[in-house]
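J.: No sequence on hand, only this structure:
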Ligand SMILES: [Zn+2]
């Protein structure tokens, strides 16, 4: 027996989704078609159109949160495939790629925003149907993702903003100013209180001399 796309999504999360046949035909099916091609942004647009016409549809609200979650998930997968912008090189040396760190913090913000949208849609379902355990469980899952990402981006931001405060803004090698937002730099701990900062190329030159 063939299952409808909505039933398949519902099955994946064990969530009973309620949609009228009209909602299913005009919004759920076209949205699932986009989602099958991994176009979750397109799928979300279709669902948002549906919610404009049927604001209280539980099925559409759930799909909204689900596609928001999928968008967040794909950004997150993209990020984990990139090289880490902040890398410990051992012996108290930390390399920070400023441009990439900035970019990554921006993407983190996108993820947090879209997960927030997912959560908002779930809260709307729970207002209509407060005892839906499966939806409550999905919200807990989104919550935990949000918290984890919050910690990660907060750690990154702290390292990024605090380290220059300690190390100052002049390269130990060339004595020139450092632009932390755009350049790749190396921090080196020289004692428990002293932190040096170098442009990456200047630091590499130091290695060549030794
Ligand atoms: Zn330098």
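T.: That came in fine, so what should we check first? Keep in mind that what you see is a predicted model, and the values were worked out from it rather than measured.

J.: which helix of the chain spans the most residues?
T.: Among the elements of type helix in the chain, defined by DSSP state H, the one spanning the most residues is helix 133-167.

J.: Output the contacting helices and strands for that helix.
T.: With contacts defined as 3 or more Cβ pairs under 8 Å, 6 or more residues apart in numbering; DSSP states H and E, the secondary structure elements packing on helix 133-167 are helix 58-81, strand 86-90, strand 93-97, helix 98-128, strand 195-199. For every residue, glycine as well, the C-beta is placed using N, CA and C.

J.: can you do 7 Å?
T.: For helix 133-167, the helices and strands in contact under the criterion 3 or more Cβ pairs under 7 Å, 6 or more residues apart in numbering; DSSP states H and E are helix 98-128, strand 195-199.

J.: what angle sits between it and strand 195-199?
T.: 90 degrees (axes from the mean of the first three to the mean of the last three Cα atoms, to 10 degrees).

J.: after helix 133-167 comes which helix or strand?
T.: Using DSSP states H and E, the helix or strand that follows helix 133-167 in sequence is strand 184-189.

J.: For that following strand, which strands pair with it and how are they oriented?
T.: Strand 184-189 sits in its sheet next to strand 93-97 (antiparallel), strand 195-199 (antiparallel), going by DSSP bridges.

J.: Output the ones you listed as CSV; include the columns distance to the ion and mean pLDDT.
T.: Conversion of the strands paired with strand 184-189 to CSV gives the following (distance: least, Cβ to the ion, whole Å; pLDDT from 0 to 100):
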stretch, distance to the ion, mean pLDDT
strand 93-97, 14, 94
strand 195-199, 3, 94
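
J.: Please identify the deepest-packed of the ones you listed.
T.: Ranked by mean neighbour count, those are led by strand 195-199 with a mean of 21 (mean count of other Cβ atoms under 10 Å).

J.: Go ahead and name everything in contact with that one.
T.: 166-168, 171-174, 178, 183, 185-190 (Cβ atoms under 7 Å, 6 or more residues apart in numbering).

J.: For the nearest residue to residue 94 once chain neighbours are set aside, give its distance to the ion.
T.: Counting by Cβ to Cβ, 6 or more residues apart in numbering, residue 94 lies nearest to residue 187, which is 4.5 Å off, once chain neighbours are set aside. Counting by Cβ to the ion, to the nearest Å, the gap between residue 187 and the ion amounts to 13 Å.

J.: got it, and residue 112?
T.: Look at residue 112 and the ion: by Cβ to the ion, they are 34 Å apart.

J.: Isn't that residue up against residue 149?
T.: Yes. Because the distance of 6.0 Å satisfies Cβ atoms under 7 Å, residue 112 is recorded as touching residue 149.

J.: Just the buried residues from the contacts of strand 195-199, in PyMOL please.
T.: The following PyMOL selection, which keeps only the buried ones among those, applies the criterion 16 or more other Cβ atoms under 10 Å:
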select buried, resi 167+171+172+173+178+183+185+186+187+188
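
J.: out of the contacts of strand 195-199, which one sits closest to residue 92?
T.: Among the contacts of strand 195-199, residue 189 lies closest to residue 92 (Cβ to Cβ), at 3.5 Å.

J.: Which strand residues bridge that closest one?
T.: When bridges are assigned using DSSP bridges, the partners listed for residue 189 are residue 195.

J.: I'd assumed residue 91 was in contact with it.
T.: No. With contact defined as Cβ under 7 Å, residue 189 does not count as touching residue 91 (8.4 Å).
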